[in-house]
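Asks: Build me a model:
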Amino acid sequence: QVQLVESGGGTVQAGGSLRLSCAVSVRAFTFEGMGWFRQAPGKQRELVAFIWWSGNTTYGDSVKGRFSISRDTAVNAVDLQMSDLRPEETAVYYCVANDKGGKAYWGQGIQVTVSS
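Replies: Coordinates of the predicted model:
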């Protein structure tokens, strides 16, 4: 069974930094990419960043230049470095992994709170 384990959330002051990590429980499983989405209260889930195993990346417009995603394909893991965080970025952050068949696996979510 494929499980995604997220870590690194918490509370930070506006302008601060946090690093989120996500690892897949099954190393032998083949993915095409992993990434992060977030969902704030009363809002739709939105893309934060996604990285394909090729190395190509996609970022949500609001995080470009402040967030950076990286991956370790050998262990099916991704990190998200978040800088200059803003209060409106308070949300539950979800890790996602896409397999080569197009199926998406989601983590349980991790809380990030940015205080003003």
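
Asks: Residue 108 reaches residue 6, doesn't it?
Replies: Yes. Assessed by C-beta atoms under 8 Å, residue 108 is found in contact with residue 6 at 7.0 Å. In short, each C-beta sits where N, CA and C put it, glycine included.

Asks: So which of the two has more stuff around it?
Replies: residue 6 (20 against 11; other C-beta atoms under 10 Å).

Asks: For the more buried one, give its distance to residue 38.
Replies: As for residue 6, its distance to residue 38 is 12 Å (criterion: C-beta to C-beta, to the nearest Å).

Asks: Mind listing what's buried along stretch 66-83?
Replies: Going by neighbour count (16 or more other C-beta atoms under 10 Å), the buried part of stretch 66-83 is 67-69, 71, 76-80, 82.

Asks: How about residues contacting stretch 75-88?
Replies: 12, 14-24, 26-27, 29, 31, 34-36, 40, 48-49, 51, 63, 66-72, 89, 93, 95, 97, 112, 114-116 (C-beta atoms under 8 Å, 6 or more residues apart in numbering).

Asks: what do residue 108 and residue 6 both touch?
Replies: Contacts common to residue 108 and residue 6, judged by C-beta under 8 Å, 6+ apart, are residue 94.

Asks: So, low pLDDT: which residues of the protein?
Replies: By pLDDT under 70, the low-scoring segments of the chain are 28.

Asks: which residue is nearest the centroid of it?
Replies: residue 36 (2.5 Å; C-alpha atoms, centre = their mean).

Asks: ok, now which ones touch that residue?
Replies: Per C-beta under 8 Å, 6+ apart, neighbours of residue 36: 20, 22, 48-50, 69, 78, 80, 93-96.

Asks: List the residues that contact the most far-flung residue of the chain relative to its centre.
Replies: The outermost residue of the chain, judged against the average C-alpha position, is residue 116 (22.4 Å), by C-alpha atoms, centre = their mean. Applying C-beta under 8 Å, 6+ apart to residue 116 gives the contacts 13-14, 87.
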